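**Student:** Generate a structure from the sequence data that follows.
(chains A and B)
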Number of protein chains: 2
Amino acid sequence: MGSPSVSIQVRGCYAMAGTTLLLTDLYLPISEDLTVVERLFDEELRSDFGFVNELCDGVRSYRGKMLRPALTLLTARAIGKLTDAHRTLAAVVEMVHMATLVHDDVLDEADERRGQPPPNAIAGNVAAVLLGDYLISHAFHLCSSLQSQHASRRIGATTNIVCQGELLQSQHRGNADLPEHIYLDIVGRKTGVLTAVACELGAHQAGADRTVVEAMRSYGMSAGIAFQIIDDVLDIVGDRGSVGKTLGLDLLMGKATLPTIHCLRNASDTTAAALRKVVGRAASVDGERLRAWLGETDSINYAVSCAKKHVADAIHNLGLLPHSDARASLTALAEFIVNRQF
Amino acid sequence: MGSPSVSIQVRGCYAMAGTTLLLTDLYLPISEDLTVVERLFDEELRSDFGFVNELCDGVRSYRGKMLRPALTLLTARAIGKLTDAHRTLAAVVEMVHMATLVHDDVLDEADERRGQPPPNAIAGNVAAVLLGDYLISHAFHLCSSLQSQHASRRIGATTNIVCQGELLQSQHRGNADLPEHIYLDIVGRKTGVLTAVACELGAHQAGADRTVVEAMRSYGMSAGIAFQIIDDVLDIVGDRGSVGKTLGLDLLMGKATLPTIHCLRNASDTTAAALRKVVGRAASVDGERLRAWLGETDSINYAVSCAKKHVADAIHNLGLLPHSDARASLTALAEFIVNRQF
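**Tutor:** Residues are numbered from 1 along each chain as shown, chains lettered A, B, ... in the order given. Now for the predicted structure:
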């Protein structure tokens, strides 16, 4: 997992007061549980075939912030008893997330992510398609090991929505007229619902009542949407070394994200026309020029402030929980989302 | 579903006594249930987004023999009471099968299957990857609607093995030294386990005892292996119009199948060397020449007789069941496998 630091600035585009904070500090209330989750994750994927294990090793190094399992575990800890079922659920949500990353790479033809060559670069798209399938199959298999069918139903309903979000996004590739509300709908489906279910299941499994389960689901949804908005911002203004993946991929793939949508709406005719061509994949642009266009309309700040609103919504939902280290971590995690540089 | 006919000969390579028989005749004991299965299948996939429904319509026309759902339903009918749970399970196994077909097409870059342009030709590999994910997600979601977790566990365990089979197959692409036992292992994992679980769950859900459940699983496993062997034979000697997909794809993709494995083992040095190059994707060959090579070693007949042995094994397992129309259909279905031309 490493020790990523929560930084104060992302490329100077926005600034927050604060000291450097380690993600591992936020995970302190669940650090031992996270180790168990990693073990469960690895055990579930272990194969009799060496080459399958090698492919899965690639996924392991691919693993990032463990945000989704941390959300499940912290929610459980903040509400009540953290059980084995929580650790299993945490491994399941991380496995679903990994599957989406691996298949996203096929879709994006990305040649780098997190500084590691992705599985599709190792052995072609064939391996990446199959590895993603292997991960999603094992996620459902692991989930079905739980005593109750409840989580299987909720995870299945969630992945249905994630797939619709991905399909919707692919439907809008190259669409320079993508309205903001559809962008946000895609983000909610693609990213929001998985962080939402991570928190919802953490709460449900801890025996929370319906109001608290719903509040935690809302926390996860808002946090997830904010996370994705910032991910899209970092794709434009991030530091390649910190973000650990190729920058500018979204535009290259014809994906309009919040900064470009805002810029297209507010820029001069000349800038808007040039940017439209780039989103429509009829022209390319270098990072410096793109940032100049977005600077004209202050579009990065617009996107960041939109993410901040979602973070505030997320944190508001935590009001129902008693004060605890775990709740403090959930608050700090939501704040981390808009202050990270990776 | 159409009315495919069970024919007497496949390209003259082998002949069986028999009259023309319609697959729909074999499905008579379950024809109304199959209609329900198709409805459940369509309902589960229905989306609020028109373009998603259009993609799924593509899958509907893609649907073939409905073999796997028929196996679940006939097994249930042959053993005891056929319930709503069976119809749901039948839709689940068909959906898993469709997901593997859609992703297989991405892997094979096939441009035709069943005479219909596949989803990846409609809208690129992106749509096919996502559509396959959508199908597998909905399969697990539909499965989780059942009261017991049992089927989710068995389906999850099955798709784990299917993925390993696909990975193993991709690992051996271009391998002209693929031993027969590894080919059969791949076939068992890739195809056998899904037909096996279709029968196993049909029996289990009908309340069969462990011996009968195991026998039905063996029936499904042997029938599935035979089915795949014949699929691979038809890829070489089938009639393009009847098979409804591009022929010769396996060799084009560097997949050694039973006829080529047998030929490589028994052919003259000259023929073997030429065939090795084709499997290794260092050369191509037209269908006529390939069939001449395989004719030298009688390799098509070898593969068909291997499939027939598996069919005999399959039918042997039916001995535990009481006589009924459904059991007669299970017997005839197994026989159909080696006598089909599509």
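
**Student:** Check which residues of the lengthiest helix in chain A are buried.
**Tutor:** Identified as the longest helix of chain A according to DSSP state H is helix A:210-237. Neighbour-count burial for helix A:210-237, with 16 or more other Cβ atoms under 10 Å in any protein chain shown as criterion, is recorded at A:212-213, A:215-237. C-betas here are computed from N, CA, C, even on glycine.

**Student:** now do stretch A:23-43
**Tutor:** By 16+ other Cβ under 10 Å, the buried positions in stretch A:23-43 come out as A:23, A:26-27, A:29-30, A:33-34, A:36-38, A:40-41.

**Student:** so which strand or helix has A:Gly156?
**Tutor:** If you go by DSSP states H and E, A:Gly156 is part of helix A:150-171.

**Student:** can you check A:Ser148 too?
**Tutor:** Assigned by DSSP H and E, A:Ser148 falls outside every helix and strand.

**Student:** still on that earlier bit, list the helices and strands the longest helix of chain A packs on?
**Tutor:** helix A:67-79, helix A:180-187, helix A:193-205, helix A:249-252, helix A:258-266, helix A:287-296, helix A:299-317, helix A:325-339 (3 or more Cβ pairs under 8 Å, 6 or more residues apart in numbering or on different chains; DSSP states H and E).

**Student:** Just the angle for the longest one relative to helix A:258-266, thanks.
**Tutor:** To tie it back to what came earlier, the one meant is helix A:299-317. 120 degrees (axes from the mean of the first three to the mean of the last three Cα atoms, to 10 degrees).

**Student:** Tell me which residues are up against helix A:299-317.
**Tutor:** By Cβ atoms under 8 Å, 6 or more residues apart in numbering or on different chains, the list of residues contacting helix A:299-317 from outside reads A:10, A:13-14, A:215-216, A:218-223, A:225-226, A:229-230, A:232-233, A:236-237, A:257-260, A:262-263, A:266, A:291, A:294, A:331, A:334-335, A:337-338.

**Student:** now with 6 Å?
**Tutor:** Contacts to helix A:299-317, defined as Cβ atoms under 6 Å, 6 or more residues apart in numbering or on different chains, come from residues A:13-14, A:215, A:218-219, A:222-223, A:225-226, A:229-230, A:233, A:237, A:258-259, A:262-263, A:294, A:331, A:334, A:337-338.

**Student:** residues of it that come out buried?
**Tutor:** Buried residues in helix A:299-317, defined by neighbour count with 16+ other Cβ under 10 Å: A:299-304, A:306-308, A:310-311, A:313-315, A:317.

**Student:** and if you look at stretch A:251-265?
**Tutor:** So, applying 16+ other Cβ under 10 Å, buried residues of stretch A:251-265: A:251-264.

**Student:** Could you export those as JSON lines, including pLDDT?
**Tutor:** Shown next, in JSON lines, are these (pLDDT from 0 to 100):
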{"residue": "A:Leu251", "pLDDT": "88"}
{"residue": "A:Leu252", "pLDDT": "86"}
{"residue": "A:Met253", "pLDDT": "85"}
{"residue": "A:Gly254", "pLDDT": "89"}
{"residue": "A:Lys255", "pLDDT": "92"}
{"residue": "A:Ala256", "pLDDT": "95"}
{"residue": "A:Thr257", "pLDDT": "96"}
{"residue": "A:Leu258", "pLDDT": "97"}
{"residue": "A:Pro259", "pLDDT": "97"}
{"residue": "A:Thr260", "pLDDT": "96"}
{"residue": "A:Ile261", "pLDDT": "97"}
{"residue": "A:His262", "pLDDT": "98"}
{"residue": "A:Cys263", "pLDDT": "97"}
{"residue": "A:Leu264", "pLDDT": "97"}
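
**Student:** of all the residues you listed, which comes closest to B:Leu71?
**Tutor:** Relative to B:Leu71, the closest of those is A:Met253; by Cβ to Cβ it sits at 41.7 Å.

**Student:** Got phi/psi on that closest one?
**Tutor:** Main-chain torsions, A:Met253, degrees, to the nearest 10: phi -90, psi 10.

**Student:** For it, give its distance to chain B.
**Tutor:** 10 Å (Cβ to the nearest Cβ, to the nearest Å).

**Student:** got the residues of chain A near chain B?
**Tutor:** A:51-52, A:103, A:106-107, A:126, A:129-130, A:133-134, A:137-138, A:140-141, A:144, A:149, A:152-153, A:156-157, A:159-160, A:163, A:166-167, A:170-171 (Cβ under 6 Å from any Cβ of the partner chain).

**Student:** Out of the residues you listed, which end up buried?
**Tutor:** So, by 16+ other Cβ under 10 Å, the buried ones in the residues of chain A next to chain B are A:52, A:103, A:106-107, A:126, A:129-130, A:133-134, A:137-138, A:140-141, A:144, A:149, A:152-153, A:156-157, A:159-160, A:163, A:166-167, A:170-171.

**Student:** low pLDDT regions in the stretch 51-200 of chain A?
**Tutor:** Within the stretch 51-200 of chain A, the stretches with pLDDT under 70 are A:61-62, A:108-124.

**Student:** Pull the contacting residues for whatever residue of the stretch 1-150 of chain A ends up closest to chain B.
**Tutor:** Nearest residue of the stretch 1-150 of chain A to chain B, counting by Cβ to the nearest Cβ: A:His141, 3.1 Å away. Counting by Cβ under 6 Å, 6+ apart, A:His141 touches B:156, B:160.
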